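Chemist: Need coordinates for the following:
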Amino acid sequence: MATLYNMIKRAAALVALTATLAASAQVQTLPTMGVAGRVLRYYDVRTGDSVYSVARDLGITVDQIIANNPSAADGLTPGMRLYFPESLAGGADATPAPGEPQHPLTHVVEKGESVYGISARYNIPVETIIKLNPQADSGVHAGQVLRLAEGAPQHEALAAAKPDVAAPKSGLAPRAGYEIYKIAAGETLFAIADSRGTTLDAIQVANPDFDITSYSEGDEIYVPLTGVRNDTAHNASPQTVAADMPEDSTANTAPAGYSSLHEMSVAVVLPFMAEDEHPGRAARLNQEFLRGFLMGVREHSDRNGAKIYVRAFDTKGNMDTLRMLMERPEVSGADIIVVPDADGQMAFIEDSDTRSVLLNYFSIKDETYRNHSNVVQANIPHDKMYDRAINGFMQTFRGEDGLFLPVFLSRADGPTDKAEFTRLLKERLDAEGVPYATVEYSGSLEVENLAGYTPDVQPAVYIPESGTRHEFLRYAPVLEKIKEELATPENMALWGYPEFVTFKGENRAALHSLNTTIYSRYYTNDNDYTLRSLRSRYKDLYGQEMTDAFPLQGVQGYDAAAYIVAALRGMAQGDSLPKDFEGAQGTLRLERAEGLPHSAGLVNNSLFLIHYREGNGVEKTRM
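Modeler: Predicted structure coming up:
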């Protein structure tokens, strides 16, 4: 095997030397364009390209590609454009000539892109893009051609100018059996129908002269009265949204502080920033959490009498609004308050003497559960997470012949964001008398660095000191090469971290190839039927996809609602708050932390081990 290793190393060195000599010539053949005041070379990814093949063909390194194109760390997709500075072409970086465009004249929208992302990519203000493409004000779709400069051609798909905004259709006369509903910004008729317990067809019948394909903020429509409501309170500050979700509910709101074994009131208190014209990403994710929460309440509510009253309150991201909210009995008197994660706000809510159960799904570091019996910390804290993960490691890699040889991978001057975890794991291994090895290397991992610590000698599990994608690319290719040569590939595994869940494309494929096991507070799998179905129902209900974030906030809200419904059912049967729950994405095993008084709240002590198997299979183990 040593001879094979030496051959691979010599071949790699020869390729690297050839690439260095050819780099200038190869990158110099690429076309140029002005981007943000610089002249850059660019390469359009073709079908079959990978970050490795492009690096080879252009005579540069993978690190150089990713340094100039961070999104390439997730893998390449056909049509993706990579940019490179002139310095890689053997020349000095330059600026465009006066009058030369600083970016392409047009952009073809790719799946998942937004106006804001395109704005950031080309350093063009959102307002400029919308001015050049008026219809983009309501969003963009894959295949759409956007103009990025005044001189850009007017593509057929964008030729129509944005029509003048008509005056709101208002002034409807009252009608028996109907309410007059004023459409808010961003609302769809489908969402209005769902929130009122009716159908789109029923709304269309009630408004025969109303164009359901073209309506605006402020338009008024008739909505059949069904007893199900989702009202917006008209006091300017603070903003309140009330939603009584069960279809058999006949009351508009639950009395402040009211609860019973069959009814429960929930206040979702988060910074939705609903009055902002362009809410930031965090606010949009909070809105997505609320949508998922409402969907979860509707799908899980007991149709045999149990009712959950949900109200959402916008903190607007400031303490003054939160103080005003906590003075309102429908907030401070709610059975459960879903609390925000902003510094100090959780503590303020607790100090307001509310008797509500405070459900914390957002702040990982908050420790108010230690001395407040009404706090439920749904996020497993770091120390508990590491302890559970290490237990999972010992169980996963302990076979009949003992534990796999743990091999720690440590790059000189590399990131060590998982140093605390690896330190604790080594302490556990020392305590149990389990031998382990540490491999130190510079640059990228080479085959010879692992001489003596490869699975052909003893089954081995490799443990990196960092969870970053960039670092993953420094060791994964060599581990894959070694695995290809093994007669017993099941003798080799990789241990990973929560960040690995976000890997896409080639990096995700490498996780499967390397038989990777990771620990994570949340589970995700693009091929999981439950998650795919949930996301599909969300899109059908709200007319939009969930944001590609981790965790998925729409699913987070859905799981929170499912837990609350389970809590209501359990208490109706005489039980206390459920301590054990597994949702579509998260897991709860609630307990009072060891060593804390009985007056302490509950904290989660559960996580997932996620196993990436060869052939695209994914398994999860609840720890």
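Chemist: quick one, strands of the stretch 401-550 of the chain?
Modeler: Secondary structure of the stretch 401-550 of the chain (DSSP state E, counting those that start in this stretch): strands located at 402-403, 405-411, 437-441, 460-464, 492-496, 516-520.
Chemist: Give the other helices and strands that the second one contacts.
Modeler: Spelled out, it's strand 405-411. If contacts are counted by 3 or more CB pairs under 8 Å, 6 or more residues apart in numbering; DSSP states H and E, strand 405-411 sits against helix 419-431, strand 437-441, strand 460-464, helix 469-484. The C-beta positions use only the backbone N, C-alpha and C, and glycine is treated the same way.
Chemist: and the first one, average pLDDT?
Modeler: Rounded to a whole number, the mean pLDDT of helix 419-431 is 94.
Chemist: elements contacting it?
Modeler: Packing contacts for helix 419-431, counted by 3+ CB pairs under 8 Å, 6+ apart, involve helix 382-396, strand 405-411.
Chemist: likewise the last one?
Modeler: If you count contacts as 3+ CB pairs under 8 Å, 6+ apart, helix 469-484 packs onto helix 62-68, strand 405-411, strand 460-464, strand 492-496, helix 505-513.
Chemist: Where do the strands of the stretch 251-400 of the chain begin and end?
Modeler: Assigned by DSSP E, counting those that start in this stretch, the strands in the stretch 251-400 of the chain fall at 263-270, 307-314, 336-338, 357-360, 375-377, 398-399.
Chemist: now swap in the stretch 51-200 of the chain and tell me
Modeler: Taking DSSP E, counting those that start in this stretch as the criterion, the stretch 51-200 of the chain carries its strands at 81-85, 106-108, 145-147, 178-182.
Chemist: between those strands, which gets nearest to residue 493?
Modeler: Set against residue 493 and scored by CB to CB, the strands of the stretch 51-200 of the chain come closest in strand 81-85, at 32.7 Å.
Chemist: Include mean pLDDT when you put the strands of the stretch 401-550 of the chain into CSV, please.
Modeler: As requested, the strands of the stretch 401-550 of the chain are exported to CSV (pLDDT from 0 to 100):
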stretch, mean pLDDT
strand 402-403, 74
strand 405-411, 93
strand 437-441, 93
strand 460-464, 94
strand 492-496, 94
strand 516-520, 94
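Chemist: For residue 416, give me its contacts.
Modeler: Residues counted as contacts of residue 416 (CB atoms under 8 Å, 6 or more residues apart in numbering) are 410, 465, 466.
Chemist: now with 6 Å?
Modeler: Residues touching residue 416, when contacts are defined by CB atoms under 6 Å, 6 or more residues apart in numbering, comprise residue 465.
Chemist: what's it sitting at in phi/psi?
Modeler: Per-residue torsions, residue 416: phi -130, psi 50 (degrees, to the nearest 10).
Chemist: Could you check how far it is from residue 511?
Modeler: 21 Å (CB to CB, to the nearest Å).
Chemist: re earlier: can you check which of the helices and strands packed on helix 419-431 gets nearest to residue 520?
Modeler: Nearest to residue 520, of all the helices and strands packed on helix 419-431, is helix 382-396, at 9.0 Å by CB to CB.
Chemist: the inter-axis angle of the closest one versus strand 460-464?
Modeler: Helix 382-396 and strand 460-464 are oriented at 160 degrees to each other (axes from the mean of the first three to the mean of the last three CA atoms, to 10 degrees).
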